[in-house]
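1. starting from these lines, generate the structure:
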Amino acid sequence: MKPIIKVIIPAYNEQDSIANVISDIPKTVEEIIVISNNSTDKTEENAKNAGATVLKEQRKGYGYACLKGMDYIASATLSNPNTKPDIIVFLDGDYSDYPEQLTELVAPIINDNIDFVIGTRVKRLREQGSMTPQQVFGNWLATFLMKLFFGAKFTDLGPFRAIKYNKLLALNMEDKTYGWTVEMQLKALKQKFSYTEIPMKYRNRIGVSKVSGTVKGTIFAGIKILGWIFKYSFKK
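-> Residues are numbered from 1 along each chain as shown. Purely as a prediction, here's the structure:
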């Protein structure tokens with residue numbers, strides 16, 4: 001029996017890219033859920049026209065948007081247990097990832113019963129300029145600290161990721177903003193989930209990043225990520 005896969009895409013003013021993202025997602029996906037995180041452009045309209053379920057989350061924050069998508073899935077499952085997904089994929093709405101690689105991303109879960117998979121933005125597959133120097137350094141520092149404190153083998157905090165739905169629920173995710181990705185990885189380590197990484201292609205995004213594209217976003221993201229790591233390094 002083929003697994004039910006649902007995709008959660010947080011999106012803030014991604015009108016120029018969102019339809020491309022949706023159209024490139026493999027047809028094996030059951031439902032694509034776009035959460036408009038207080039968008040003021042045509043993100044919602046374009047996502048709906050492309051065939052996605054569109055939700056609105058007025059509170060700004062990547063984590064808020066992801067949690068909204070999870071709440072929607074939980075409510076739908078309560079109403080109709082047959083809609084309960086086996087796998088949740090998180091994907092950005094800026095077209096920097098290659099959505100068609102979703103098939104590769106979920107393969108370890110389907111074929112090898114792995115709990116959690118990160119799509120890693122490896123240098124050899126990255127388009128020049130697709131990651132800012134601060135992103136590259138931040139990823140290196142965060143994954144180095146996770147290795148140091150927890151013996152982790154992560155090499156990236158890549159947002160393109162797949163996880164078994166029941167495992168996602170077990171994480172009790174709570175971060176509302178920039179710390180969402182690292183929180184998921186840290187909690188997966190703490191709960192001893194099996195995990196792996198799949199090298200992924202990565203290109204220059206359409207539009208300007210709301211995090212790495214601003215000084216404020218970069219600083220706050222760095223503080224959040226390091227805060228989660230140090231919090232968990234002292235937690236029993």
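
2. mind listing residues that contact stretch 108-124?
-> Stretch 108-124 is contacted by residues 3, 87, 97, 101, 105-106, 130-131, 139, 154-158, 160-164, 167, 184-185, 188, 193-200, 202 when judged by Cβ atoms under 8 Å, 6 or more residues apart in numbering. Every C-beta, even on glycine, is put in place using the N, C-alpha and C of the backbone.

3. list buried residues within the residues you listed.
-> Neighbour counting by 16 or more other Cβ atoms under 10 Å classes 87, 97, 101, 105-106, 131, 139, 154-158, 160-164, 167, 184-185, 188, 193, 195-200, 202 among the contacts of stretch 108-124 as buried.

4. at which residues are the helices of the protein located?
-> For the chain, applying DSSP state H gives helices covering 18-24, 43-49, 62-79, 102-112, 133-150, 165-170, 180-190, 215-233.

5. least reliable of those helices going by mean pLDDT?
-> Here the lowest mean pLDDT among these goes to helix 215-233, at a mean of 69.

6. how about the contacts made by I25?
-> I25 sits next to 7, 32, 91, 99-100, 102 when contact means Cβ under 8 Å, 6+ apart.

7. between these, which sits nearest F144?
-> Set against F144, the nearest of those by Cβ to Cβ is L91 (25.7 Å).

8. number of residues surrounding the nearest residue to I163 once chain neighbours are set aside?
-> Among residues not flanking I163 along the chain, F116 sits closest, at 4.7 Å (Cβ to Cβ, 6 or more residues apart in numbering). Residues within reach of F116, counting by other Cβ atoms under 10 Å, total 24.

9. dig out what F116 forms beta bridges with.
-> Beta-bridge pairing for F116 (DSSP bridges): I163, Y195.

10. what separates it from K187, distance-wise?
-> As defined by Cβ to Cβ, to the nearest Å, F116 lies at a distance of 10 Å from K187.

11. do E104 as well
-> Separation of E104 from K187 (Cβ to Cβ) stands at 24 Å.

12. compare the two (neighbour count), which wins?
-> Using other Cβ under 10 Å as the criterion, E104 and K187 rank with K187 on top: 20 against 15.

13. contacting residues for that one?
-> Shown in contact with K187 (Cβ under 8 Å, 6+ apart): 171-173.

14. from those residues, which would you call buried?
-> 171, 173.

15. report the contact partners of the closest residue to L105 other than its chain neighbours.
-> The spatial neighbour of L105 that comes closest, neighbours along the chain excluded (Cβ to Cβ, 6+ apart), is A162 at 4.9 Å. A162 sits next to 87-90, 102, 105-106, 109, 116-117 when contact means Cβ under 8 Å, 6+ apart.

16. repeat that with 10 Å
-> For A162, the contact set (Cβ atoms under 10 Å, 6 or more residues apart in numbering) comprises 5, 7, 87-91, 102, 104-110, 114-119, 168, 198.

17. same question, I35
-> Shown in contact with I35 (Cβ under 10 Å, 6+ apart): 8-12, 43-44, 47, 52-57, 62, 64-70, 72, 93.

18. selection in ChimeraX covering whichever of the residues you listed are buried, please.
-> Only the buried entries of those go into this ChimeraX selection, using 16+ other Cβ under 10 Å:
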select :8,9,10,11,12,43,44,47,52,53,54,55,57,62,64,65,66,67,68,69,70,72,93
